[in-house]
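**Student:** Have a look; sequence and predicted model below, questions after that.
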Amino acid sequence: MKQGYPLSGIKVLDLSRVLAGPWASQNLADLGAQIIKIENPKGGDDTRKWGPPYVKNSQGEADKRMSAYFSAANRGKQSLTVDIASKAGQQQILDLLADCDILIENFKVGGLEKYGLDHVSLTNKFPKLIYCSITGFGQSGPDAHKSGYDFMIQAMGGLMSITGDQNSGPLKVGVAITDLFTGMYAVTAIQAALIERHNSGLGQHIDLSLFDCQLAMLANQATNYLNSGNSPKMMGNQHPNIVPYQSFKTLDGHFILAVGNDKQFGDFCRLVGTNWAEDALYNSNELRVTNRAQLVPLIEHETAQKSTNYWLTELAKLKVPVGRINNIEQALNEPQTKARNMIIEQDLDNFGTVQTIATPIKMSRSKTGANTAPPLLGQNDKS
(Lines give C-alpha, C1' and ligand atoms only; values in the text may rest on other atoms or scores of the structure.)
Protein backbone atom coordinates (compact mmCIF):
# COMPACT_ATOMS: atom_id res chain seq x y z
CA MET A 1 0.00 0.00 0.00
CA LYS A 2 1.29 3.45 -0.88
CA GLN A 3 2.09 5.79 1.97
CA GLY A 4 2.41 9.57 1.97
CA TYR A 5 4.85 11.72 0.07
CA PRO A 6 8.55 11.36 1.03
CA LEU A 7 8.88 15.10 1.74
CA SER A 8 5.53 15.58 3.47
CA GLY A 9 5.82 18.23 6.17
CA ILE A 10 8.74 20.01 4.50
CA LYS A 11 7.96 23.65 3.72
CA VAL A 12 9.82 25.68 1.10
CA LEU A 13 9.81 29.43 0.53
CA ASP A 14 10.69 30.05 -3.10
CA LEU A 15 11.94 33.56 -3.89
CA SER A 16 13.40 32.51 -7.24
CA ARG A 17 12.29 33.76 -10.60
CA VAL A 18 12.84 32.15 -14.01
CA LEU A 19 16.12 30.20 -14.33
CA ALA A 20 16.74 27.05 -12.30
CA GLY A 21 14.95 27.97 -9.07
CA PRO A 22 11.39 27.19 -10.21
CA TRP A 23 12.57 23.87 -11.67
CA ALA A 24 14.13 22.98 -8.31
CA SER A 25 11.03 23.83 -6.32
CA GLN A 26 8.74 21.94 -8.71
CA ASN A 27 10.86 18.82 -8.24
CA LEU A 28 10.50 19.26 -4.48
CA ALA A 29 6.74 19.74 -4.90
CA ASP A 30 6.56 16.47 -6.81
CA LEU A 31 8.10 14.80 -3.74
CA GLY A 32 5.47 16.31 -1.46
CA ALA A 33 7.06 19.49 -0.13
CA GLN A 34 4.80 22.51 0.35
CA ILE A 35 6.06 25.27 -1.96
CA ILE A 36 5.18 28.89 -1.25
CA LYS A 37 6.09 30.80 -4.39
CA ILE A 38 6.71 34.49 -3.68
CA GLU A 39 5.88 36.71 -6.65
CA ASN A 40 6.10 40.39 -7.39
CA PRO A 41 2.60 41.93 -7.11
CA LYS A 42 3.30 43.77 -10.38
CA GLY A 43 3.01 40.92 -12.87
CA GLY A 44 4.57 38.03 -10.99
CA ASP A 45 7.14 35.64 -12.41
CA ASP A 46 8.39 36.82 -15.82
CA THR A 47 7.70 33.41 -17.36
CA ARG A 48 3.94 33.92 -16.90
CA LYS A 49 4.20 36.09 -20.01
CA TRP A 50 6.56 33.88 -22.02
CA GLY A 51 4.08 33.03 -24.74
CA PRO A 52 2.47 32.07 -26.97
CA PRO A 53 1.39 29.41 -26.43
CA TYR A 54 -0.80 30.11 -23.41
CA VAL A 55 -2.95 27.75 -21.37
CA LYS A 56 -6.53 27.75 -22.60
CA ASN A 57 -9.36 28.90 -20.35
CA SER A 58 -12.64 27.06 -19.81
CA GLN A 59 -13.98 28.49 -23.08
CA GLY A 60 -11.03 27.08 -25.01
CA GLU A 61 -9.45 30.48 -25.57
CA ALA A 62 -5.79 31.26 -24.95
CA ASP A 63 -5.64 33.13 -21.64
CA LYS A 64 -2.58 35.36 -21.30
CA ARG A 65 -2.53 35.02 -17.51
CA MET A 66 -0.54 31.79 -17.80
CA SER A 67 1.93 30.74 -20.48
CA ALA A 68 2.58 27.10 -21.25
CA TYR A 69 6.18 27.76 -20.23
CA PHE A 70 5.16 28.90 -16.74
CA SER A 71 2.93 25.87 -16.29
CA ALA A 72 5.86 23.57 -17.10
CA ALA A 73 7.83 24.65 -14.03
CA ASN A 74 5.27 25.61 -11.38
CA ARG A 75 2.97 22.67 -10.73
CA GLY A 76 2.09 22.00 -7.11
CA LYS A 77 2.87 25.46 -5.73
CA GLN A 78 1.06 28.21 -3.89
CA SER A 79 1.41 31.79 -5.15
CA LEU A 80 1.74 34.70 -2.73
CA THR A 81 2.35 38.24 -3.92
CA VAL A 82 4.79 40.12 -1.70
CA ASP A 83 6.67 43.36 -2.27
CA ILE A 84 9.99 42.42 -0.65
CA ALA A 85 11.28 45.97 -1.20
CA SER A 86 8.85 47.22 1.47
CA LYS A 87 9.26 46.83 5.21
CA ALA A 88 5.87 45.17 5.43
CA GLY A 89 6.86 42.70 2.73
CA GLN A 90 10.15 41.89 4.43
CA GLN A 91 8.32 41.25 7.69
CA GLN A 92 5.87 39.01 5.85
CA ILE A 93 8.79 36.94 4.56
CA LEU A 94 10.24 36.67 8.08
CA ASP A 95 6.87 35.56 9.42
CA LEU A 96 6.67 32.85 6.76
CA LEU A 97 10.22 31.67 7.41
CA ALA A 98 9.40 30.98 11.05
CA ASP A 99 7.65 27.86 9.78
CA CYS A 100 9.85 27.00 6.76
CA ASP A 101 12.65 24.49 6.30
CA ILE A 102 14.13 25.75 3.04
CA LEU A 103 14.54 29.03 1.18
CA ILE A 104 15.41 29.06 -2.55
CA GLU A 105 16.55 32.28 -4.23
CA ASN A 106 18.28 33.29 -7.45
CA PHE A 107 18.97 36.99 -6.98
CA LYS A 108 22.32 38.44 -8.00
CA VAL A 109 25.08 37.98 -5.40
CA GLY A 110 24.32 40.39 -2.55
CA GLY A 111 20.95 41.31 -4.05
CA LEU A 112 18.96 40.38 -0.93
CA GLU A 113 21.24 42.04 1.63
CA LYS A 114 19.46 45.39 1.39
CA TYR A 115 16.22 43.65 2.33
CA GLY A 116 17.74 41.75 5.25
CA LEU A 117 16.93 38.49 3.46
CA ASP A 118 20.46 37.31 2.70
CA HIS A 119 21.87 34.12 4.15
CA VAL A 120 23.93 35.74 6.91
CA SER A 121 21.01 37.84 8.19
CA LEU A 122 18.57 34.94 8.16
CA THR A 123 20.94 32.36 9.68
CA ASN A 124 21.09 34.36 12.88
CA LYS A 125 17.30 34.38 13.09
CA PHE A 126 16.65 30.87 11.72
CA PRO A 127 19.66 28.61 12.44
CA LYS A 128 17.88 25.52 11.07
CA LEU A 129 17.08 27.15 7.72
CA ILE A 130 18.55 25.55 4.60
CA TYR A 131 19.26 28.47 2.30
CA CYS A 132 19.82 27.61 -1.38
CA SER A 133 21.27 30.33 -3.64
CA ILE A 134 21.26 29.72 -7.39
CA THR A 135 23.23 32.22 -9.47
CA GLY A 136 24.93 32.37 -12.82
CA PHE A 137 28.48 32.07 -11.51
CA GLY A 138 28.28 31.39 -7.76
CA GLN A 139 29.06 33.45 -4.68
CA SER A 140 32.79 33.79 -5.38
CA GLY A 141 35.22 34.28 -8.26
CA PRO A 142 35.79 37.08 -10.80
CA ASP A 143 32.41 36.56 -12.49
CA ALA A 144 30.29 36.28 -9.33
CA HIS A 145 28.70 39.70 -9.92
CA LYS A 146 27.48 38.80 -13.43
CA SER A 147 24.00 37.65 -14.39
CA GLY A 148 23.73 34.21 -15.92
CA TYR A 149 21.20 32.80 -18.36
CA ASP A 150 20.97 29.28 -19.72
CA PHE A 151 21.87 30.16 -23.32
CA MET A 152 24.99 32.13 -22.43
CA ILE A 153 26.08 29.50 -19.91
CA GLN A 154 25.74 26.73 -22.52
CA ALA A 155 28.11 28.83 -24.64
CA MET A 156 30.62 29.79 -21.90
CA GLY A 157 30.54 26.34 -20.30
CA GLY A 158 31.65 24.54 -23.45
CA LEU A 159 28.42 22.70 -24.27
CA MET A 160 27.74 24.55 -27.53
CA SER A 161 31.25 23.78 -28.78
CA ILE A 162 30.37 20.07 -28.88
CA THR A 163 26.75 20.44 -30.03
CA GLY A 164 26.12 20.59 -33.77
CA ASP A 165 28.44 19.78 -36.67
CA GLN A 166 30.71 21.57 -39.09
CA ASN A 167 27.75 22.55 -41.28
CA SER A 168 25.48 23.82 -38.51
CA GLY A 169 28.10 25.51 -36.37
CA PRO A 170 27.71 25.61 -32.56
CA LEU A 171 24.16 24.94 -31.33
CA LYS A 172 22.41 25.15 -28.00
CA VAL A 173 20.41 22.20 -26.71
CA GLY A 174 16.70 22.43 -27.56
CA VAL A 175 15.62 22.94 -23.93
CA ALA A 176 17.18 25.03 -21.14
CA ILE A 177 19.32 22.08 -20.11
CA THR A 178 21.65 24.02 -17.79
CA ASP A 179 18.70 25.43 -15.85
CA LEU A 180 17.15 21.96 -15.62
CA PHE A 181 20.33 20.26 -14.42
CA THR A 182 21.06 23.01 -11.92
CA GLY A 183 17.53 22.57 -10.57
CA MET A 184 18.20 18.85 -10.15
CA TYR A 185 21.55 19.51 -8.45
CA ALA A 186 19.69 21.89 -6.13
CA VAL A 187 17.18 19.20 -5.15
CA THR A 188 20.00 16.73 -4.49
CA ALA A 189 21.87 19.26 -2.35
CA ILE A 190 18.75 20.32 -0.45
CA GLN A 191 17.84 16.75 0.43
CA ALA A 192 21.42 16.05 1.52
CA ALA A 193 21.27 19.16 3.74
CA LEU A 194 18.00 17.94 5.25
CA ILE A 195 19.64 14.62 6.14
CA GLU A 196 22.67 16.41 7.60
CA ARG A 197 20.38 18.72 9.61
CA HIS A 198 18.78 15.65 11.15
CA ASN A 199 22.17 14.94 12.74
CA SER A 200 23.47 18.46 13.45
CA GLY A 201 20.24 20.35 14.06
CA LEU A 202 21.56 23.15 11.83
CA GLY A 203 20.84 24.48 8.38
CA GLN A 204 23.45 25.68 5.92
CA HIS A 205 24.04 27.74 2.79
CA ILE A 206 23.98 25.95 -0.57
CA ASP A 207 25.90 27.87 -3.23
CA LEU A 208 24.94 26.65 -6.73
CA SER A 209 26.24 28.12 -9.96
CA LEU A 210 24.81 27.52 -13.42
CA PHE A 211 28.36 27.72 -14.76
CA ASP A 212 29.68 25.13 -12.29
CA CYS A 213 26.80 22.80 -13.09
CA GLN A 214 27.42 23.18 -16.82
CA LEU A 215 31.06 22.26 -16.35
CA ALA A 216 30.04 19.19 -14.32
CA MET A 217 27.62 18.21 -17.11
CA LEU A 218 30.50 18.00 -19.62
CA ALA A 219 31.18 14.58 -18.05
CA ASN A 220 33.37 12.38 -20.28
CA GLN A 221 33.95 15.23 -22.74
CA ALA A 222 35.73 17.22 -20.04
CA THR A 223 37.80 14.28 -18.84
CA ASN A 224 38.64 13.43 -22.47
CA TYR A 225 40.26 16.87 -22.72
CA LEU A 226 41.87 16.78 -19.27
CA ASN A 227 43.55 13.47 -20.02
CA SER A 228 44.50 14.06 -23.66
CA GLY A 229 45.04 17.79 -24.03
CA ASN A 230 42.76 17.74 -27.09
CA SER A 231 39.62 19.86 -26.86
CA PRO A 232 36.58 17.88 -28.12
CA LYS A 233 34.98 19.11 -31.33
CA MET A 234 31.47 19.15 -32.74
CA MET A 235 30.60 15.65 -33.94
CA GLY A 236 26.89 15.97 -34.73
CA ASN A 237 25.16 12.79 -33.62
CA GLN A 238 28.36 10.77 -33.31
CA HIS A 239 29.80 9.64 -29.97
CA PRO A 240 33.41 10.60 -29.20
CA ASN A 241 34.28 7.25 -27.60
CA ILE A 242 32.01 4.63 -29.22
CA VAL A 243 31.53 3.55 -32.87
CA PRO A 244 28.97 3.02 -34.37
CA TYR A 245 26.85 5.11 -32.02
CA GLN A 246 24.96 7.74 -34.04
CA SER A 247 22.13 8.35 -36.48
CA PHE A 248 22.21 6.72 -39.92
CA LYS A 249 20.27 7.31 -43.11
CA THR A 250 17.76 4.74 -44.27
CA LEU A 251 15.74 4.33 -47.44
CA ASP A 252 13.00 6.55 -46.01
CA GLY A 253 14.51 8.52 -43.14
CA HIS A 254 16.94 8.02 -40.27
CA PHE A 255 17.35 5.84 -37.19
CA ILE A 256 19.65 5.63 -34.19
CA LEU A 257 22.17 2.79 -33.97
CA ALA A 258 23.78 2.61 -30.52
CA VAL A 259 26.25 -0.28 -30.53
CA GLY A 260 27.72 -0.59 -27.05
CA ASN A 261 30.06 -3.59 -27.34
CA ASP A 262 31.79 -5.90 -29.79
CA LYS A 263 29.11 -8.61 -29.59
CA GLN A 264 26.43 -6.15 -30.65
CA PHE A 265 28.66 -5.00 -33.50
CA GLY A 266 29.11 -8.60 -34.63
CA ASP A 267 25.35 -9.19 -34.58
CA PHE A 268 24.81 -6.02 -36.60
CA CYS A 269 27.40 -7.10 -39.16
CA ARG A 270 25.83 -10.53 -39.58
CA LEU A 271 22.47 -8.92 -40.28
CA VAL A 272 24.06 -6.62 -42.84
CA GLY A 273 26.04 -9.50 -44.35
CA THR A 274 29.54 -8.08 -43.94
CA ASN A 275 32.76 -9.28 -42.28
CA TRP A 276 33.58 -5.96 -40.57
CA ALA A 277 33.53 -7.61 -37.15
CA GLU A 278 36.51 -9.79 -38.21
CA ASP A 279 38.32 -7.03 -40.09
CA ALA A 280 41.61 -6.03 -38.47
CA LEU A 281 40.57 -2.39 -38.86
CA TYR A 282 37.23 -2.71 -37.03
CA ASN A 283 37.22 -5.75 -34.72
CA SER A 284 37.34 -3.73 -31.48
CA ASN A 285 35.72 -0.51 -30.36
CA GLU A 286 39.15 1.14 -30.04
CA LEU A 287 39.89 0.33 -33.69
CA ARG A 288 36.45 1.47 -34.79
CA VAL A 289 36.95 4.82 -33.04
CA THR A 290 40.39 5.17 -34.62
CA ASN A 291 39.08 4.24 -38.09
CA ARG A 292 35.71 5.97 -37.78
CA ALA A 293 36.19 7.95 -41.01
CA GLN A 294 36.45 4.76 -43.10
CA LEU A 295 33.81 2.68 -41.30
CA VAL A 296 30.89 5.11 -40.93
CA PRO A 297 30.39 5.67 -44.70
CA LEU A 298 30.43 1.90 -45.24
CA ILE A 299 27.71 1.42 -42.63
CA GLU A 300 25.60 4.25 -44.01
CA HIS A 301 25.81 2.80 -47.53
CA GLU A 302 24.22 -0.38 -46.18
CA THR A 303 21.58 1.23 -43.93
CA ALA A 304 20.40 3.45 -46.80
CA GLN A 305 19.32 0.35 -48.74
CA LYS A 306 16.42 -0.55 -46.42
CA SER A 307 13.60 1.20 -44.55
CA THR A 308 13.70 2.59 -41.06
CA ASN A 309 11.15 0.01 -39.89
CA TYR A 310 13.30 -2.81 -41.26
CA TRP A 311 16.30 -1.76 -39.18
CA LEU A 312 14.22 -1.06 -36.08
CA THR A 313 12.49 -4.43 -36.27
CA GLU A 314 15.39 -6.67 -37.25
CA LEU A 315 17.99 -5.13 -34.96
CA ALA A 316 15.57 -5.22 -32.02
CA LYS A 317 15.24 -8.97 -32.57
CA LEU A 318 19.02 -9.25 -32.15
CA LYS A 319 18.94 -6.97 -29.08
CA VAL A 320 21.15 -4.42 -30.81
CA PRO A 321 20.12 -0.99 -29.41
CA VAL A 322 18.20 1.02 -32.02
CA GLY A 323 15.73 3.88 -31.83
CA ARG A 324 13.26 5.86 -33.86
CA ILE A 325 13.83 9.62 -34.07
CA ASN A 326 10.51 11.03 -32.84
CA ASN A 327 9.30 14.59 -32.91
CA ILE A 328 7.69 15.89 -29.70
CA GLU A 329 4.18 14.87 -30.76
CA GLN A 330 5.33 11.35 -31.57
CA ALA A 331 7.29 11.05 -28.33
CA LEU A 332 4.30 12.11 -26.24
CA ASN A 333 2.07 9.63 -28.08
CA GLU A 334 4.37 6.65 -27.68
CA PRO A 335 2.55 3.72 -26.00
CA GLN A 336 5.32 3.74 -23.38
CA THR A 337 4.53 7.38 -22.53
CA LYS A 338 0.90 6.49 -21.88
CA ALA A 339 1.70 3.28 -20.02
CA ARG A 340 3.92 5.22 -17.62
CA ASN A 341 1.30 7.98 -17.09
CA MET A 342 3.80 10.64 -18.08
CA ILE A 343 1.17 13.20 -19.13
CA ILE A 344 -1.17 14.63 -16.51
CA GLU A 345 -4.13 16.99 -16.76
CA GLN A 346 -5.06 19.24 -13.86
CA ASP A 347 -7.84 21.72 -13.19
CA LEU A 348 -6.90 25.34 -12.78
CA ASP A 349 -8.94 27.35 -10.28
CA ASN A 350 -11.94 28.79 -12.21
CA PHE A 351 -9.77 28.90 -15.31
CA GLY A 352 -9.67 25.69 -17.36
CA THR A 353 -7.31 22.73 -17.46
CA VAL A 354 -3.60 22.37 -18.12
CA GLN A 355 -1.57 19.40 -19.27
CA THR A 356 2.01 18.96 -18.05
CA ILE A 357 4.67 16.26 -17.96
CA ALA A 358 4.58 14.16 -14.81
CA THR A 359 7.56 13.57 -12.58
CA PRO A 360 9.61 10.56 -13.76
CA ILE A 361 10.15 9.51 -10.13
CA LYS A 362 8.03 6.53 -9.16
CA MET A 363 8.33 4.86 -5.75
CA SER A 364 7.03 1.56 -4.44
CA ARG A 365 5.59 2.91 -1.18
CA SER A 366 5.63 6.69 -1.36
CA LYS A 367 3.47 8.98 -3.44
CA THR A 368 5.10 11.24 -6.00
CA GLY A 369 3.74 13.94 -8.28
CA ALA A 370 2.31 17.28 -7.18
CA ASN A 371 -1.47 17.05 -7.05
CA THR A 372 -2.32 20.70 -7.75
CA ALA A 373 -2.06 22.74 -10.93
CA PRO A 374 0.25 25.74 -11.44
CA PRO A 375 -1.19 28.68 -9.47
CA LEU A 376 -2.67 31.86 -10.83
CA LEU A 377 -0.82 34.96 -9.68
CA GLY A 378 -1.61 35.63 -6.02
CA GLN A 379 -3.99 32.68 -5.88
CA ASN A 380 -3.11 32.01 -2.23
CA ASP A 381 -2.87 35.59 -0.97
CA LYS A 382 -5.94 35.20 1.25
CA SER A 383 -5.43 31.61 2.36
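**Tutor:** Yes, it's here.
**Student:** hey, let's count contacts and neighbours off CA atoms from now on
**Tutor:** OK.
**Student:** would you list every one of the helices in the stretch 251-383 of the chain?
**Tutor:** Ranges of helices within the stretch 251-383 of the chain are 262-272, 285-290, 292-303, 308-317, 328-332, 335-339, based on DSSP state H, counting those that start in this stretch.
**Student:** per-domain residue ranges of this structure.
**Tutor:** Domain ranges of the chain: 11-217+339-357, 245-325, per automatic domain parsing.
**Student:** who wins for proximity to Asp381 among those domains?
**Tutor:** domain 11-217+339-357 (5.0 Å; C-alpha to C-alpha).
**Student:** follow-up on the earlier one: highest average neighbour count across the domains of the chain?
**Tutor:** Among the domains of the chain, ranked by average contacts under mean count of other C-alpha atoms under 10 Å, first place goes to domain 11-217+339-357 (a mean of 19).
**Student:** Distance from the chain centre to that domain, please.
**Tutor:** Distance of domain 11-217+339-357 from its chain centroid, counting by C-alpha atoms, centre = their mean, to the nearest Å, is 12 Å.
**Student:** Just give me the longest helix of the protein.
**Tutor:** helix 177-200 (DSSP state H).
**Student:** Could you list the residues in contact with it?
**Tutor:** Here helix 177-200 makes contact (C-alpha atoms under 8 Å, 6 or more residues apart in numbering) with 19-25, 27-28, 102, 128, 130, 132, 150, 153-154, 203-204, 206, 208-210, 213-214.
**Student:** Which members of those residues occur in helices, if any?
**Tutor:** Per DSSP H, these map to helices at 20-25, 27-28, 150, 153-154, 210, 213-214.
**Student:** Mind jotting down where the strands sit in this structure?
**Tutor:** Taking DSSP state E to define them, one finds strands in the chain at 11-14, 34-39, 54-56, 62-67, 77-81, 102-105, 130-135, 205-209, 245-249, 254-258, 322-323, 343-348, 352-357.
**Student:** Check which helices and strands the first one sits against.
**Tutor:** Counting contacts by 3 or more C-alpha pairs under 8 Å, 6 or more residues apart in numbering; DSSP states H and E, strand 11-14 packs against helix 20-30, strand 34-39, strand 102-105.
**Student:** rerun that using 6 Å as the cut-off
**Tutor:** For strand 11-14, the packing partners by 3 or more C-alpha pairs under 6 Å, 6 or more residues apart in numbering; DSSP states H and E come out as strand 34-39, strand 102-105.
**Student:** Now tabulate the ones you listed in TSV and tack on mean pLDDT and distance to Ala62.
**Tutor:** Below are the helices and strands packed on strand 11-14 laid out as TSV (pLDDT from 0 to 100; distance: least, C-alpha to C-alpha, whole Å):
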stretch	mean pLDDT	distance to Ala62
strand 34-39	98	22
strand 102-105	98	30
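**Student:** Skipping adjacent residues, who's closest to Gly51 in space?
**Tutor:** The shortest distance from Gly51 to any non-neighbouring residue, by C-alpha to C-alpha, 6 or more residues apart in numbering, is to Ser67 (5.3 Å).
**Student:** Check Gly43 too.
**Tutor:** Per C-alpha to C-alpha, 6+ apart, closest to Gly43 is Leu377, 7.8 Å.
**Student:** Hey, what's the angle from the least confident helix or strand in the chain by mean pLDDT to strand 352-357? Just curious.
**Tutor:** Every helix and strand of the chain was ranked by mean pLDDT, DSSP states H and E. The lowest is strand 62-67, at a mean of 89. Angle, strand 62-67 to strand 352-357, by axes from the mean of the first three to the mean of the last three C-alpha atoms, to 10 degrees: 50 degrees.
**Student:** Now do strand 62-67: everything it contacts.
**Tutor:** Identification of contacts with strand 62-67 by C-alpha atoms under 6 Å, 6 or more residues apart in numbering yields 48-51, 54-57.
**Student:** Let's have these in TSV, adding pLDDT and distance to Arg292.
**Tutor:** Listed next are those as TSV, based on pLDDT from 0 to 100; distance: C-alpha to C-alpha, whole Å:
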residue	pLDDT	distance to Arg292
Arg48	94	47
Lys49	93	47
Trp50	94	43
Gly51	93	44
Tyr54	94	46
Val55	93	47
Lys56	89	50
Asn57	84	53
